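In: what's the 3D shape of this:
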Amino acid sequence: MICPKCSGEMEAIKVEGIEVDRCVGCKGLWFDAREHEKLKDVKRAATTLDVGTPAEDAGAPTSKKIKCPSCHTQMIQMTAQGRAGLQFEACTVCHGAYFDAGEFRAYAGGGGVTGFIKGLFGRQSSKRPFTPAYRVRPGS
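Out: Predicted coordinates:
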């Protein structure tokens, strides 16, 4: 299989009986149909698979058209649920997903209710106090 981002060779890595393809060049990851969802909550799967260094623009939207390495259909960008700033490419035909180096670690680390709630509010600075949009008057 050929990497859809850098055209490098992909090597097969097996975790929990699931085979994932990793680019030997850019370290991007290809997951066949919904494998990323199955491995998201598997302990140490993200650190075992996602060994690359994230690019400075990792997870950011891109205008580059990327073809599925499996069925060669143009992929679409998806926003990871619970991770408003994290985007990955997905195939609408075979349901595979491609994550750049570092993205699967971020995807797997942002699960659960906490990740979902954080994603609703985006990236907020912890230095800024929460200010409600309304005020409650004493005695009301």
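In: Let me see the ranges of the strands in this protein.
Out: Chain-ordered strands for the chain, with DSSP state E as the definition, fall at 10-15, 18-23, 29-31, 76-79, 87-90, 97-99.
In: Sheet-wise, list the partners of the first one with their directions.
Out: I take that to be strand 10-15. Strand pairing for strand 10-15, using DSSP bridges, gives strand 18-23 (antiparallel).
In: buried residues in the partner strand?
Out: For strand 18-23, the buried set under the neighbour-count rule, 16 or more other C-beta atoms under 10 Å, comprises 18, 20-23. For the C-beta atoms, the positions are set from N, CA and C on the backbone; glycine is no exception.
In: And stretch 71-84, by the same measure?
Out: Buried residues in stretch 71-84, counted by 16+ other C-beta under 10 Å: 75, 80, 82-83.
In: May I ask which two of those residues are separated the most?
Out: Taking C-beta to C-beta as the measure, these reach their widest spread between Met75 and Gly82, a distance of 21.0 Å.
In: if we can go back for a sec, tell me which of the strands of the chain sits nearest to Lys40.
Out: Nearest to Lys40 among the strands of the chain is strand 29-31; the distance by C-beta to C-beta comes to 9.9 Å.
In: which neighbours does that closest one have in its sheet, and in what orientation?
Out: Next to strand 29-31 in the sheet, as set by DSSP bridges, lie strand 18-23 (antiparallel), strand 97-99 (antiparallel).
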